[in-house]
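Asks: Got a predicted model here, sequence first, then my questions.
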Amino acid sequence: MPNYDPNNVFAKILRGELPSHKVYEDDKTFAFLDIMPRASGHTLVIPKAPARTIFDIDADDLAHLIKTTQAVARAAMTVFSADGLTIQQFNEPAGGQLVFHLHIHVIPRKNGVPLKPPASFKEEPSVLSDQALKLAAALKGA
């Protein structure tokens, strides 16, 4: 199994070397909007610990990641008036992982509206900023 690469894009976001549309942060997790969303409000939740896959993270940190994911999911349901959610997590290239820092996708869904194809549409920064502000406000105190 390959090692964790500290120069992956999410590690750079965590270090502040790349911008993001942050919606939540605590001592162990960070959540931000996907710049190529498959639906409005598509959020990525990542651990701050350097973990490549679900197999590389301490069980307590993984539990905290899931807690944060649940809080983001609840907020997304409300903020985006979602009818449901798609939660995804991929491991290694064969499993569909493209960025090699453990992350969980939280995608608000509307009945009858298909997901956009992966990496097919880059959202306008102003739209992402507006969505991030709304999600962050809903997550205050989570």
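Replies: Structure's in. What do you need? Note that the structure is a prediction, hence the values are computed from the model and not measured.

Asks: So which other helices or strands are in contact with the longest helix seen in the chain?
Replies: Longest helix of the chain, by residue count under DSSP state H: helix 59-79. Judged by 3 or more CB pairs under 8 Å, 6 or more residues apart in numbering; DSSP states H and E, the packing partners of helix 59-79 are strand 22-25, strand 29-33, strand 43-47, strand 84-88, strand 104-109, helix 125-139. Using the backbone N, CA and C atoms, a C-beta is placed for each residue, glycine as well.

Asks: who does the first one pair up with?
Replies: For strand 22-25, sheet partners with direction are given as strand 29-33 (antiparallel), following DSSP bridges.

Asks: Output the partner strand in CSV with nothing but the alpha carbons.
Replies: The C-alpha trace of strand 29-33 is given here as CSV (Å, rounded to 0.1, in the frame of the first residue of the first chain):
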residue,chain,number,x,y,z
THR,A,29,-11.6,17.7,11.2
PHE,A,30,-12.1,20.2,8.4
ALA,A,31,-15.1,20.4,6.0
PHE,A,32,-15.2,22.4,2.8
LEU,A,33,-17.1,22.6,-0.5
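
Asks: rewinding a little: quick one: distance of the longest helix of the chain to the chain centre.
Replies: Its chain's C-alpha centre and that of helix 59-79 lie 10 Å apart, by CA atoms, centre = their mean, to the nearest Å.

Asks: cool, stretch 122-136 as well?
Replies: Computed by CA atoms, centre = their mean, the chain-centroid distance of stretch 122-136 equals 13 Å.

Asks: and what of stretch 41-56?
Replies: The chain centre lies 8 Å from the centre of stretch 41-56; the measure is CA atoms, centre = their mean.

Asks: Can you give me the end-to-end span of it?
Replies: End-to-end distance for stretch 41-56, by CA to CA, to the nearest Å: 27 Å.

Asks: for the residue nearest the centre of the chain, which residues make a bridge with it?
Replies: The residue lying closest to the centre of the chain (CA atoms, centre = their mean) is residue 44, at 0.5 Å. The partner list for residue 44 in beta bridges (DSSP bridges) reads residue 32, residue 105.
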